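# whatever this is, show me its structure:
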Amino acid sequence: MLIQTASALCFVAALSAAQAPAYQGAKPRRHFISLTYERQYVQPFNFRKHPLEDLFGQPIDEVHLENFQYLTRDQQTQITVNGYGKRADAIGVTIYPFGSSVGPTLALNGSISSVPDIIVSFAGPAPAPNYALTNGRAFDLGAGIDMSDRSAGWGIGAHAFVLGGLGHVHTDQLDGRRYFAEGGGGVSSGPFGVDISFKYVVNQFSAPVTHSVHMIPISIRGSLTF
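Model prediction:
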């Protein structure tokens, strides 16, 4: 009798365990918009070719131990880089039309950023007396994929993203268009987050001749997401 009772109790316990729902942690709610501020550390990319070779229409050689930095291949023009800024700031907004919680989602991004000053002087035949881009502002629109693993409440979450897009650049001297690709990621706790991103930007201008300036902004970004 005792064995039968124990068997029945074991059967009831096993049946109850099988029917009990598995524990599931609280799901993170969906987020639909992020507001960001970032500090950019801008690196020039292939400055000898873009814009110098674009401007002069001939190969440009880099020189050393001189008071100028570049020399045209025909040795007629000396080129001195008087300034190339490395710091910039940006504000932006990212919209997640389908919400961002766990897994991939569409991200639409818009940003306004400063553009570092570039000041170059020429000694010799040149398409212009000098070359300058100062007080620049860039307006970018992009789209891409955000891969999130957000946490409920104030837990630690993470995300990564890739974006591409187009924009407009305005300076005191020239206006132009630009296109870019960007990737990065970061961590978050509650609505607050910190990201690191790498962006490749091509700024295109049509004066004094068609040319471009390539930059790689490396950004540290704070975000508020809700």
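# from here on, contacts and neighbour counts on C-alpha atoms
Will do.
# report the buried residues of the helix or strand containing Ile79.
In the assignment (DSSP states H and E), Ile79 maps to strand 78-84. For strand 78-84, a neighbour-count test (16 or more other CA atoms under 10 Å) marks 78-80, 84 as buried.
# before we move on, what about stretch 113-129?
Buried, per 16+ other CA under 10 Å, within stretch 113-129: 113-118, 120-122, 126.
# would you turn these into JSON lines with secondary structure, distance to Ile156 and pLDDT?
Converted to JSON lines, the buried residues of stretch 113-129 look like this (DSSP: H, G, I helix; E, B strand; the rest coil; distance: CA to CA, whole Å; pLDDT from 0 to 100):
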{"residue": "Ser113", "secondary structure": "strand", "distance to Ile156": "29", "pLDDT": "98"}
{"residue": "Ser114", "secondary structure": "strand", "distance to Ile156": "31", "pLDDT": "98"}
{"residue": "Val115", "secondary structure": "strand", "distance to Ile156": "33", "pLDDT": "98"}
{"residue": "Pro116", "secondary structure": "coil", "distance to Ile156": "35", "pLDDT": "97"}
{"residue": "Asp117", "secondary structure": "coil", "distance to Ile156": "38", "pLDDT": "98"}
{"residue": "Ile118", "secondary structure": "strand", "distance to Ile156": "41", "pLDDT": "98"}
{"residue": "Val120", "secondary structure": "strand", "distance to Ile156": "47", "pLDDT": "98"}
{"residue": "Ser121", "secondary structure": "strand", "distance to Ile156": "50", "pLDDT": "97"}
{"residue": "Phe122", "secondary structure": "strand", "distance to Ile156": "53", "pLDDT": "97"}
{"residue": "Ala126", "secondary structure": "coil", "distance to Ile156": "56", "pLDDT": "96"}
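# thank you kindly, that will do.
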